[in-house]
Structures are given as structure tokens and as C-alpha cells.
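J.: Sharing a model prediction with you, sequence too.
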Amino acid sequence: MRILVLLAIGLLLYIIIGNLLRKSRKYPSTGTSSERMVRCEHCGLHIVEKEALQDNRQYFCSTDHLEAHRQSR
């Protein structure tokens with residue numbers, strides 16, 4: 001009986017200490033920030049807005065797709 005009580009106390013201490021250590025652990029930031037994604041009007045590829053080519057509120061993934069869109073007007 002005494003062994004069961006000691007095991008129960010040990011288990012409780014293990015759980016409590018584990019939770020305290022887990023909460024105090026600081027995780028390093030990944031350094032990534034979320035960026036707005038836009039869709040190429042020609043092929044549908046999603047790319048970062050900073051890397052996209054823009055023409056009248058429409059985005060394109062390459063100059064070829066931008067030119068193809070301009071020619072199809």
C-alpha cells in the first residue's frame with residue numbers, strides 16, 4: 001500500500017514539474033513573416049505579391065504570361 005502511495009506522489013510530481021518546464025520553455029521564432037499571396041491571371045499559380053508582375057490590379061508570375069494576357073485583349 002505504501003508503494004502505491006509513493007508511486008502516485010511520484011507520478012503527480014512528474015506531471016506537475018513537466019507542465020511547469022513545458023510552459024517556461026521559450027521557442028525560438030522562425031523569422032518568417034506571412035506575406036500576401038496572389039494568383040497569376042494566366043496560369044493560376046499562386047506567388048508572393050512582391051515577386052509578381054502587376055497590370056491593372058491583375059497579377060502575373062512571369063513576363064511571358066503578362067505579354068500573353070496583353071495580346072489576348
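T.: Alright, I've got the coordinates. This one's a predicted model, so the numbers in the text were calculated from it and none came from an experiment.
J.: helix or strand right after the helix ranked longest in the chain?
T.: The residue-count maximum for a helix in the chain (DSSP state H) belongs to helix 2-24. Next helix or strand after helix 2-24 toward the C-terminus (DSSP states H and E): strand 37-39.
J.: List the buried residues for that next one?
T.: residue 38 (16 or more other Cβ atoms under 10 Å). The way it works is simple: take the backbone N, C-alpha and C, and place the C-beta from them, glycine included.
J.: now swap in stretch 36-56 and tell me
T.: 38, 40, 41, 42, 47, 52, 53.
J.: starting at the chain centroid, how far to the longest helix of the chain?
T.: Counting by Cα atoms, centre = their mean, to the nearest Å, helix 2-24 is centred 34 Å from the centre of its parent chain.
J.: ok, now stretch 59-70?
T.: 28 Å.
J.: Let me have it in PDB, keeping just the CA atoms, if that works.
T.: Only the C-alpha atoms of stretch 59-70 are listed here, as PDB (Å, rounded to 0.1, in the frame of the first residue of the first chain):
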ATOM      1  CA  TYR A  59      -1.000  39.800 -61.200                       C
ATOM      2  CA  PHE A  60       1.200  37.600 -63.300                       C
ATOM      3  CA  CYS A  61       4.100  35.200 -62.500                       C
ATOM      4  CA  SER A  62       6.300  36.000 -65.500                       C
ATOM      5  CA  THR A  63       6.700  38.500 -68.300                       C
ATOM      6  CA  ASP A  64       5.600  35.800 -70.800                       C
ATOM      7  CA  HIS A  65       2.200  35.500 -69.100                       C
ATOM      8  CA  LEU A  66       1.900  39.300 -68.800                       C
ATOM      9  CA  GLU A  67       2.500  39.600 -72.500                       C
ATOM     10  CA  ALA A  68       0.200  36.700 -73.400                       C
ATOM     11  CA  HIS A  69      -2.600  38.400 -71.400                       C
ATOM     12  CA  ARG A  70      -2.000  41.800 -73.100                       C
END
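J.: Done for today, thanks.
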